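Asker: Take this sequence and fold it.
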Amino acid sequence: METEVRTIPDAILVEIFVMFPLRSIAGFKLVCKSWKTVIESSYFRLVFTSLHRNSSSSWSIMFPTGYSHPITEAISFHGCMRWNLPKPLASYITPPNLPTTTKYFYVASSNGLSWIDVFESTTRSYKSFVGNPVLQQWVEIPPPPCPCAATGLVTREDKAGVVSSFKVVRTCQNVEARDRGMYVRRVYVYSSETGLWTLKRLLNSRPVNHPPVNLNGTLYMWERRGSSTKHEVIVSFDFYGPEDDDQCQVIPLPDPSIFNQINGKRCLTTSGGDVIYILRRFQTERMNDNSENGWWQLSREINVAWSFAFCIPIAMNPFDTDIVYLWRKRDHCLVTGNLRTQEFIVHQESEKWTSSEGCCRINTCDCNGYMEATHDVYPIILSQFVLPQWMDSVPRPPN
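Answerer: As a prediction, the model looks like this:
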């Protein structure tokens, strides 16, 4: 007797697959071509995003790392329905197919992609990789034509919100030149669209410091102040702009004197798709180039209890502009603040708690070491590693 093999209709597969988190769905794509076709269809993405529209994505806010410092998170969120990760994001940032004893460090991230450098003890050199750590998909980046310092990672999304390409930016390790009163920065840019490095000459009126903040293909860098009397600025450049454009945008920061903010701590971060500048006494400025008052628009100004008035802002929740993270130096502890309700929670020790939305971890211990080492001259700029709302393969160069 012959047995008739019946296939499951695509519509039923969609109804089944959307009930799983993205991390599991990534595995389903490997089962067969028909499942892969269903999952990569625009209809499936539409149904999944609609079902999970109220679910946040996993994210981490990390300290700057170096060759001798491990990857360390200040605050992290995982276990959400969208990805269902059992561990914080930093746990997944590991070199591809390399021994566990390999030395590596996190450089930057953008739209769910991370850039890591791996040290090869045999050749005494470094290899660079860009990829999605959760899916363990990595692209090895060839070395640039000359020695360069790591600068930043930028990405571009298509209309469906899928990352279509990435660019790695490195700055040539020579002193910035001057040309008719302008600072000249020579950067090498690697594009996943071509698989090649290109040299770009950037002109700006102010010298800059790293690390940058990245958003929508643009790097925002803090000015390296030459004089305390100058008005502070941010220097930005859109690496997906016109090819012949070499002029950096100089964006003046809000005047601290307006808020009686004298040499106070501040931070530069992103949240809800905007660049956010937070002053010490809880004035938050949202970047808006259509603002009547210039580049910045005051988004929040509140008065808080005296015990929290002099906390140092260090970051903001990547999705919720009401939630800010602070450091209370006198008690060496982290503080979570809700700017809408003006409720503040003091975390004297490292904590972890679980809710219906997922798991959140606060790393007070490592924050203390980092905050003690920071200085008042420059703002606090921590790195945000945020998984996207949708999963797709890492863009790969030709061949």
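Asker: which residues make contact with the strand or helix carrying residue 154 from outside it?
Answerer: Using DSSP states H and E, residue 154 sits in strand 148-157. For strand 148-157, contacts defined as C-beta atoms under 8 Å, 6 or more residues apart in numbering pick out 107-111, 113-115, 117, 130, 163-173, 187-188, 210-212, 214, 217-219, 239-240. Glycine gets a C-beta too; all of them are placed from N, C-alpha and C.
Asker: need the strands for the stretch 151-300 of the chain, in chain order.
Answerer: 163-172, 177-179, 182-191, 196-204, 208-215, 218-223, 233-238, 249-252, 266-271, 274-279, 283-287, 296-301 (DSSP state E, counting those that start in this stretch).
Asker: Among these, show the one with the smallest mean pLDDT.
Answerer: With a mean of 68, strand 177-179 has the lowest mean pLDDT of the strands of the stretch 151-300 of the chain.
Asker: residue contacts, the spatially closest residue to residue 252 that is not a sequence neighbour?
Answerer: Spatial nearest neighbour of residue 252, excluding adjacent residues (C-beta to C-beta, 6 or more residues apart in numbering): residue 233 at 5.2 Å. The neighbours of residue 233, taking C-beta under 8 Å, 6+ apart as the test, are 206, 223, 250, 251, 252, 253.
Asker: Find the residue closest to residue 365 in space, skipping its chain neighbours.
Answerer: In space, residue 365 is closest to residue 350, 5.2 Å off (C-beta to C-beta, 6+ apart).
Asker: Report the contact partners of the residue lying closest to residue 51 once chain neighbours are set aside.
Answerer: Nearest non-adjacent residue to residue 51, counting by C-beta to C-beta, 6+ apart: residue 18, 5.3 Å away. By C-beta under 8 Å, 6+ apart, the residues touching residue 18 are 44, 47, 48, 51.
Asker: The first one - that's part of a helix, no?
Answerer: Yes - when classified by DSSP: H, G, I helix; E, B strand; the rest coil, residue 44 is found to be part of a helix.
Asker: on that earlier part again, would you turn the strands of the stretch 151-300 of the chain into JSON lines with distance to residue 394?
Answerer: Output for those, formatted as JSON lines (distance: least, C-beta to C-beta, whole Å):
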{"stretch": "strand 163-172", "distance to residue 394": "8"}
{"stretch": "strand 177-179", "distance to residue 394": "35"}
{"stretch": "strand 182-191", "distance to residue 394": "14"}
{"stretch": "strand 196-204", "distance to residue 394": "18"}
{"stretch": "strand 208-215", "distance to residue 394": "17"}
{"stretch": "strand 218-223", "distance to residue 394": "20"}
{"stretch": "strand 233-238", "distance to residue 394": "22"}
{"stretch": "strand 249-252", "distance to residue 394": "29"}
{"stretch": "strand 266-271", "distance to residue 394": "22"}
{"stretch": "strand 274-279", "distance to residue 394": "25"}
{"stretch": "strand 283-287", "distance to residue 394": "29"}
{"stretch": "strand 296-301", "distance to residue 394": "34"}
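Asker: quick one: which of the ones you listed is nearest residue 59?
Answerer: Nearest to residue 59 among the strands of the stretch 151-300 of the chain is strand 266-271; the distance by C-beta to C-beta comes to 10.7 Å.
Asker: my read: residue 88 touches residue 75, true?
Answerer: No - at 9.6 Å, residue 88 and residue 75 do not qualify as touching, with contact defined as C-beta atoms under 8 Å.
Asker: can you list the domains in this structure?
Answerer: The chain breaks down into these domains under automatic domain parsing: 10-51, 59-386.
Asker: how close does residue 244 sit to residue 167?
Answerer: If you measure residue 244 against residue 167 using C-beta to C-beta, to the nearest Å, the figure is 17 Å.
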